[in-house]
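> just coords:
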């Protein structure tokens, strides 16, 4: 395989037929930066019909073109038809790299078409870089239980395939290009060959308190929490700050808070203006999921790893510090100090 035969980068635009999922837009913005360095063109791949208003949002991310896929087999998401579409497209156009949002659907079909193309697929990268000497993309992500940051490359095979979790990169559109190429491809997949079919659908409960990905303020509680009975004070603090409550994985494992509130590599990626952690040790797989304007950490252990990441650290009992912050907010004008 000659790597020089593979050009351009693709981003899969996941959608529900009405709205493009944010992760596709986020990836277009980030991969645009890579393409500016490598000289590749950036293409957005859309399977099924998507309103023009949504395509305009994708254009605003600086894509050079679209690959619009139609045909049979796409009435509902299924790994078989989606993996086949990307396999057929990749063999025809030889992209250098393909990026897919690390959603439930993206994680399902991306490894499948990578296997069909006999290439590698990385998952949950926190950073993307490019090595000009080798021409390889560097997928950077926590490893060994979050103790180190690993650099993963696909040095021989192409295309380079990776899934990226929603919220990993900011949505920062650079503006539409003057000319955007549109490639229309009809790829039929026999519906009889689809091995999974929907038998019913129950939507997630629309609880706004569980949507923390775009919260401006987050109060995060870690394994230092004694038990669920001590949790209410942290809900109160979050409410007084106009923010939301989050947690680390141990609290989910202990059944204290739901998975949707788990922050970090295996949970939600967050970018709040203010982030206050209580009793969080500071493992890389958690802190890698936090990009805060102001990071305040509270822990009774002065040697806690979390103090290596925060802007301000408070050594003390987490419950006592929380109570003091609540008292000051209630007594003052909404400021902590």
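Everything's here; your move. For clarity, every value in this text was computed on a predicted model and none was experimentally measured.

> from what I can see residue 304 touches residue 281, true?
Yes: contact criterion C-beta atoms under 8 Å: residue 304 and residue 281 qualify, at 5.9 Å. For glycine as for every other residue, the C-beta is placed from the backbone atoms N, C-alpha and C.

> check contacts around residue 125.
Contact analysis of residue 125 by C-beta atoms under 8 Å, 6 or more residues apart in numbering lists 139-141, 152, 162, 164, 168.

> Tell me which two in those are the farthest apart.
152 and 168 (14.9 Å; C-beta to C-beta).

> quick one: which of those two has more around it?
Per other C-beta atoms under 10 Å, whichever of residue 152 and residue 168 has more neighbours is residue 168, with 24 against 17.

> Excluding chain neighbours, what is closest to the more buried one?
residue 269 (5.2 Å; C-beta to C-beta, 6 or more residues apart in numbering).

> What's the local residue count around the one you found?
Neighbour count of residue 269, defined by other C-beta under 10 Å: 23.

> give me phi/psi at it?
Taking degrees, to the nearest 10, you get phi -90, psi 130 for the backbone angles of residue 269.

> Hmm, it is touching residue 124, no?
No: contact criterion C-beta under 8 Å: residue 269 and residue 124 do not qualify, at 9.8 Å.

> So residue 236 lies in a helix, does it not?
Yes: using DSSP: H, G, I helix; E, B strand; the rest coil, the assignment for residue 236 is a helix.

> From residue 41, how far off is it?
Using C-beta to C-beta, to the nearest Å, we find residue 236 at a distance of 51 Å from residue 41.

> Those two: which has the busier surroundings?
residue 236 (18 against 15).

> for the stretch 1-150 of the chain, what spans make up the helices?
For the stretch 1-150 of the chain, helices defined by DSSP state H, counting those that start in this stretch occupy the ranges 22-38, 52-59, 79-93, 104-116.

> Which parts of the chain belong to which domain?
The record assigns the chain these domain ranges, following automatic domain parsing: 3-193, 208-331.

> export those domains to TSV and tack on distance to residue 200?
Output for the domains of the chain, formatted as TSV (distance: least, C-beta to C-beta, whole Å):
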stretch	distance to residue 200
domain 3-193	12
domain 208-331	21
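
> Let's have those in a markdown table, adding mean pLDDT and distance to residue 199.
Formatted as a markdown table, the domains of the chain follow (pLDDT from 0 to 100; distance: least, C-beta to C-beta, whole Å):
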| stretch | mean pLDDT | distance to residue 199 |
| --- | --- | --- |
| domain 3-193 | 94 | 11 |
| domain 208-331 | 92 | 23 |
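
> So which of those domains is nearest residue 201?
Residue 201 lies closest to domain 3-193 among these, at 9.7 Å (C-beta to C-beta).

> Distance from that closest one to the middle of the chain?
Here the centre of domain 3-193 is set off from its chain's centre by 13 Å, with C-alpha atoms, centre = their mean, to the nearest Å.

> Would you mind measuring the gap between the ends of that domain?
End-to-end distance of domain 3-193: 33 Å, with C-alpha to C-alpha, to the nearest Å as the criterion.

> Same question for stretch 277-296.
6 Å.

> Likewise for stretch 132-151?
This stretch, stretch 132-151, spans 15 Å end to end (C-alpha to C-alpha).

> Show me the strands in the stretch 101-250 of the chain, by range?
For the stretch 101-250 of the chain, strands defined by DSSP state E, counting those that start in this stretch occupy the ranges 121-123, 127-131, 136-143, 148-152, 160-164, 181-186, 217-221, 244-247.
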